[in-house]
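Colleague: no sequence for this one, just the structure:
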């Protein structure tokens, strides 16, 4: 397998993976989305809520807030030494108290671990009017996207690497103008895809030139990964590869027993 990083900035990473099958590409995508452990609020104990929203709605909003954490410092509760009772190695407590008027934001949540906090302090939770207030405690634990959508680590997608094959083209300028994303340019009088990352293989260019074809290169894929959790996108990609390798090793051992 060959890997080429196209772009790595903030919560997003794009790269080319060459020498893999569609099955492997899809397996990596699915693991990135739903099998990377992330931290999210599991329980909310609402002691007071005089806002316009029901308790369940407020708790649901808090559960969807992505939380930044160090994945090497926390265990799943069921695998922790505490036996799932709850300790600093498997959970983090949050408290929230605020009175109106004003908006309650994720930054108003006070964490028991300074290194664990919402990825952005400006996620709105609820708007308080005059004399409204909220008081609540919450507990965050690790979980997987296959268990609940709030634990999904990333938005991940892939597509075939596009390649343009030109046999003949009477008017190459029409080919350039036909591309809705503007990713086609000219080398002399020959059109080519100047920005493969943004080509979605719509094949609009084929409609204006019979001697031109856009095909996906077999075994070569462009991945786009955007973190929607407190994890770095590069970590998500690497951890997905590790998890896939672990699954393959377990499968190999089970096959050997047959």
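Modeller: Great, that's in hand. Fair warning: this is a prediction, and the values are worked out from it, not measured in the lab.

Colleague: Tell me which residue is most central in the protein.
Modeller: residue 154 (1.0 Å; CA atoms, centre = their mean).

Colleague: Neighbours of residue 131, how many?
Modeller: 9 (other CB atoms under 10 Å). Bear in mind the C-beta positions are built from the backbone N, C-alpha and C, glycine included.

Colleague: I figured it hits residue 100, correct?
Modeller: Yes. Residue 131 sits in contact with residue 100 when judged by CB atoms under 8 Å, with a separation of 6.6 Å.

Colleague: Leaving out the residues flanking it, which one is nearest to residue 7?
Modeller: Computed as CB to CB, 6 or more residues apart in numbering, the closest residue to residue 7 that is not its neighbour in sequence is residue 14, at 4.5 Å.

Colleague: Helix or strand: which one has that neighbour?
Modeller: Per DSSP states H and E: residue 14 is located in strand 12-18.

Colleague: partners of the longest strand belonging to the chain, with directions?
Modeller: With secondary structure taken from DSSP state E, the chain has its longest strand at strand 212-227. Using DSSP bridges, strand 212-227 pairs in its sheet with strand 12-18 (antiparallel), strand 154-166 (antiparallel).

Colleague: now the ones you listed in CSV, with distance to residue 235 and mean pLDDT?
Modeller: Putting those into CSV (distance: least, CB to CB, whole Å; pLDDT from 0 to 100) gives the following:
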stretch, distance to residue 235, mean pLDDT
strand 12-18, 10, 96
strand 154-166, 10, 95
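
Colleague: got JSON lines for those strands, with distance to residue 91 too?
Modeller: Shown next, in JSON lines, are these (distance: least, CB to CB, whole Å):
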{"stretch": "strand 12-18", "distance to residue 91": "29"}
{"stretch": "strand 154-166", "distance to residue 91": "23"}
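
Colleague: Outside of stretch 213-222 itself, which residues are in contact with it?
Modeller: 6, 14-22, 25, 158-165, 193, 196-197, 199, 201, 203, 205-206 (CB atoms under 8 Å, 6 or more residues apart in numbering).

Colleague: Quick one, which of those residues are buried?
Modeller: 14-17, 20, 25, 158-164, 193, 196-197, 199, 205 (16 or more other CB atoms under 10 Å).

Colleague: picking that back up, right, and the strands paired with strand 212-227 - which one's nearest residue 123?
Modeller: strand 154-166 (17.3 Å; CB to CB).

Colleague: pretty sure the residue nearest to residue 7 is touching residue 224, no?
Modeller: Yes. Contact criterion CB under 8 Å: residue 14 and residue 224 qualify, at 5.1 Å.

Colleague: For residue 241, which three-state class applies?
Modeller: helix (DSSP: H, G, I helix; E, B strand; the rest coil).
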